[in-house]
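Visitor: Build me a model:
(one chain, ligands or ions: 1)
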Amino acid sequence: MPHKFRVISAVLFGGLLGLAVAALTAPRLYSSPELMTRNVVLIVSDGLRWQEIFTGADPLLLNSKNGGIWAKPEELKREYWRDDVNERRAVLFPFLWGVVAKQGQIFGNETKGSIARVTNGLAFSYPGYNEMLTGAPDARINSNEFGPNPNVSVFEWLNGMPEFHDHVAVFATWAAFRDIFNVSRSHLDVHAGWDPPYTGAGITPREALLNGLYLHSTRLEDDDTYNSFLQPALLDYVKSQKPRVLFVGYGETDNWGHSGRYDLVLESAHQFDHFVAELWNTMQQMPEYRGKTTFLITTDHGRGSGPVEWKDHGKKQRGSENIWLAVLGPDTPVLGERTDVAPITQSQIAATIAAFLGQDFRRAAPRAAAPISDVIHAE
Ligand SMILES: [Zn+2]
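Guide: Residues are numbered from 1 along each chain as shown. Alright, predicted model coming up:
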């Protein structure tokens, strides 16, 4: 990977001067020496409902009739069903409820007066990722096959600043992120889809083994690799390149929902929680990240509810606009599960990421929604 990295750096060097001038003239409105955050990670599990996050396994779907369960429902219940809702959600998401909610904040529990939602009106992937990454919905983006994004993401914008240049990276299972981040314009370091993650001469036997899995595994989705394949490449990259602004996109929860396999929705949601914990713990062991890294964890859209509509999402499936957002880091007040608060929107995520790094994204993108001030503590 370092080989590839150097080539990208060389290509980008030509544009550096202009970018440096632009950044120098930019007032740092949010500049605050009190903020501890030096690194931000935005993590998304595609199409993972707020219902599972806050109430755990859904009793309506824990059966073969509605949940398409192949394994024995009794075994699944033993694993993920608890009568107490707090125990039930914690057994499904041990890191989210055992660490994130205890040391950070989590929005989106509609049963307790907290609403998080998308404003793009479509509630599917590309419009959602565009909204969270660029700070505003775009009515032109009405298809997952839209092609290169005309809008500039907060990642591309930060990468244009000398402080963050070449320290911004994207790791995602879905190949469409090349378009969502507009790689040909942004030149961001995007690792997405089934492309083998390790390139260049002199790759290790372990890297060759992982490349082989990318090349020779039978694919469930042609443009979406497995979360477990993304994870080792992601951890290797974090250890060697130490990015300061990182996007991580996990895809499986949406795919299993569309397949109508509630057993595998739960399994992939549980594994997603493990991957987030593993990334957090890996970073906290590194001096570059320990005590100065903020995680934002969310989803791109909700899904319908009930015995049939849970499988899909969009305009037709009521409630698909509802999402959730968790924040964990040194600048986030420990308020845990938020209740009876003002609604937040997906469009606020972009400016919130920038604000954690002392930057005002709305200076560059006036249409972007304001940061979520509740999650940033600055005295
Ligand atoms: Zn979907």
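
Visitor: Near the ion, which residues of this structure are found?
Guide: Those residues of the chain that sit near the ion, judged by C-beta under 5 Å from the ion, are G47, D254. All C-beta spots, glycine's among them, are computed from the backbone N, C-alpha and C.

Visitor: Can you name the residue of the chain nearest the ion?
Guide: The chain approaches the ion most closely through D254 (4.2 Å), counting by C-beta to the ion.

Visitor: where's that residue relative to P137, distance?
Guide: Noted for D254: a distance of 19 Å to P137, by C-beta to C-beta, to the nearest Å.

Visitor: which other residues reach the host helix or strand of the residue of the chain closest to the ion?
Guide: Take DSSP states H and E as the rule and D254 turns out to sit in helix 252-258. The contact list for helix 252-258 (C-beta atoms under 8 Å, 6 or more residues apart in numbering) reads 45-48, 125, 173, 220-221, 224, 226-227, 262, 264-265, 267-269, 271-272, 299, 303, 310-313.

Visitor: rerun that using 7 Å as the cut-off
Guide: Outside helix 252-258, the residues that touch it by C-beta atoms under 7 Å, 6 or more residues apart in numbering are 45-48, 220-221, 224, 226-227, 264-265, 268-269, 272, 303, 310-312.

Visitor: now it: mean pLDDT?
Guide: The pLDDT scores in helix 252-258 average 97.

Visitor: Please apply the same query to stretch 94-114.
Guide: 98.

Visitor: Render the CA-only coordinates of it in PDB, please.
Guide: Extracted C-alpha coordinates of stretch 94-114, given in PDB (Å, rounded to 0.1, in the frame of the first residue of the first chain):
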ATOM      1  CA  PRO A  94     -22.100  -4.700  23.100                       C
ATOM      2  CA  PHE A  95     -19.700  -1.900  22.100                       C
ATOM      3  CA  LEU A  96     -22.400   0.600  21.200                       C
ATOM      4  CA  TRP A  97     -24.200   0.200  24.500                       C
ATOM      5  CA  GLY A  98     -21.300  -0.800  26.700                       C
ATOM      6  CA  VAL A  99     -18.900   1.900  25.600                       C
ATOM      7  CA  VAL A 100     -20.300   4.500  23.100                       C
ATOM      8  CA  ALA A 101     -23.500   5.200  25.000                       C
ATOM      9  CA  LYS A 102     -21.700   5.200  28.300                       C
ATOM     10  CA  GLN A 103     -18.900   7.600  27.200                       C
ATOM     11  CA  GLY A 104     -20.600   9.500  24.400                       C
ATOM     12  CA  GLN A 105     -24.000  10.200  23.000                       C
ATOM     13  CA  ILE A 106     -26.600   8.400  20.800                       C
ATOM     14  CA  PHE A 107     -29.500  10.000  19.000                       C
ATOM     15  CA  GLY A 108     -32.500   8.500  17.300                       C
ATOM     16  CA  ASN A 109     -34.600   6.600  19.800                       C
ATOM     17  CA  GLU A 110     -38.100   7.700  18.700                       C
ATOM     18  CA  THR A 111     -39.700   5.900  21.600                       C
ATOM     19  CA  LYS A 112     -37.900   8.400  23.900                       C
ATOM     20  CA  GLY A 113     -38.400  11.600  22.000                       C
ATOM     21  CA  SER A 114     -35.100  11.700  20.000                       C
END
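
Visitor: Show me which positions of that stretch end up buried.
Guide: Across stretch 94-114, burial judged by 16 or more other C-beta atoms under 10 Å covers 95-97, 99-101, 104-109, 114.

Visitor: Please identify which of those is nearest to T199.
Guide: Closest approach between the buried residues of stretch 94-114 and T199, by C-beta to C-beta: F95, at 31.4 Å.

Visitor: if I read this right, the closest one contacts D273, doesn't it?
Guide: Yes. Because the distance of 4.9 Å satisfies C-beta atoms under 7 Å, F95 is recorded as touching D273.

Visitor: Which residues are in contact with each of these two?
Guide: Common neighbours of F95 and D273 (C-beta under 7 Å, 6+ apart) do not exist.

Visitor: can you give me the strands for the chain?
Guide: Using DSSP state E, the strands assigned to the chain run over residues 39-45, 105-107, 116-117, 168-172, 189-192, 245-250, 293-298, 322-323, 325-328, 336-337, 344-345.

Visitor: could you dump these to TSV with distance to F181?
Guide: Formatted as TSV, the strands of the chain follow (distance: least, C-beta to C-beta, whole Å):
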stretch	distance to F181
strand 39-45	12
strand 105-107	25
strand 116-117	23
strand 168-172	6
strand 189-192	5
strand 245-250	8
strand 293-298	17
strand 322-323	20
strand 325-328	20
strand 336-337	31
strand 344-345	21
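
Visitor: Might you report the residue contacts of W157?
Guide: Here W157 is in contact with F361, A364 (C-beta under 7 Å, 6+ apart).

Visitor: returning to that earlier point: sort out for me which of the contacts of helix 252-258 are in helices.
Guide: Those of the contacts of helix 252-258 mapping onto helices are N227, L264, V265, S268, A269, F272, per DSSP state H.

Visitor: before we move on, the earlier item: looking only at neighbour counts, state which of D254 and P137 leads.
Guide: D254 (26 against 22; other C-beta atoms under 10 Å).

Visitor: any idea how far the more buried one is from E79?
Guide: In terms of C-beta to C-beta, D254 sits 21 Å off from E79.

Visitor: And W174, by the same measure?
Guide: 27 Å.

Visitor: Give me the more crowded residue out of those two.
Guide: W174 (26 against 15).

Visitor: Just to check, that one is in contact with G251?
Guide: Yes. The pair W174 and G251 passes the contact test of C-beta under 7 Å, sitting 5.0 Å apart.

Visitor: Might one say that F361 is in contact with T352?
Guide: No. Counting by C-beta under 7 Å, no contact exists between F361 and T352, whose distance comes to 8.7 Å.

Visitor: what sits against T352?
Guide: L296, P371, I372, V375.

Visitor: Counting neighbours, what do you get for the last one?
Guide: Close neighbours of V375, defined as other C-beta under 10 Å, add up to 26.
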